[in-house]
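Asks: For reference, the sequence and a predicted model appear below.
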Amino acid sequence: MLKNIDCPLNHTMLLIGNKWKPLLLFHLLEGELRSGELQKSVVGISNKMFTQTIRELEKDNLVERKIFPVVPPKVEYKLSERGKSLEPILRSLDHWGLDDLKRDASKK
């Protein structure tokens, strides 16, 4: 199957469309986080997936990494300007999820 690379939704999904990327981006909406804090904020993500996902977000210029020259090493992540532009989308997904959880709870 050929992918339509001109499709805007396809472009967006290629950037943020896996299980972990939106979660990492969402947690960075509030500001810079140290690597360990960011990883702990996303329940269930393994070290390998965290590293792979954060590197992809950096490569796509959605997240910026700052390394401090101290021992032990300190690394902080923050949203780039491009990453910050996803805020309305991420907040909308969060609100939809909250509303849907409430609907499910009311049906029980």
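Replies: Okay, I see it. Here the structure is a predicted model, which means the values were calculated and not measured.

Asks: make it CA atoms for all contacts and neighbour counts henceforth
Replies: Fine.

Asks: what about K66, which helix or strand?
Replies: Counting by DSSP states H and E, the element that carries K66 is strand 63-68.

Asks: Only C-alpha atoms, please: export whichever helix or strand comes after that strand in PDB.
Replies: Going down the chain from strand 63-68, the next helix or strand is strand 74-79, by DSSP H and E. The C-alpha coordinates for strand 74-79 follow below in PDB (Å, rounded to 0.1, in the frame of the first residue of the first chain):
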ATOM      1  CA  LYS A  74      21.900  15.700  34.300                       C
ATOM      2  CA  VAL A  75      19.700  15.800  31.200                       C
ATOM      3  CA  GLU A  76      16.600  18.000  30.900                       C
ATOM      4  CA  TYR A  77      14.000  17.900  28.100                       C
ATOM      5  CA  LYS A  78      11.600  20.600  27.000                       C
ATOM      6  CA  LEU A  79       9.300  21.200  24.100                       C
END
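
Asks: Whatever helix or strand comes next after strand 74-79 - what's its average pLDDT?
Replies: Heading C-terminal from strand 74-79, the first helix or strand you meet, by DSSP H and E, is helix 81-84. Across helix 81-84, the average pLDDT comes to 98.
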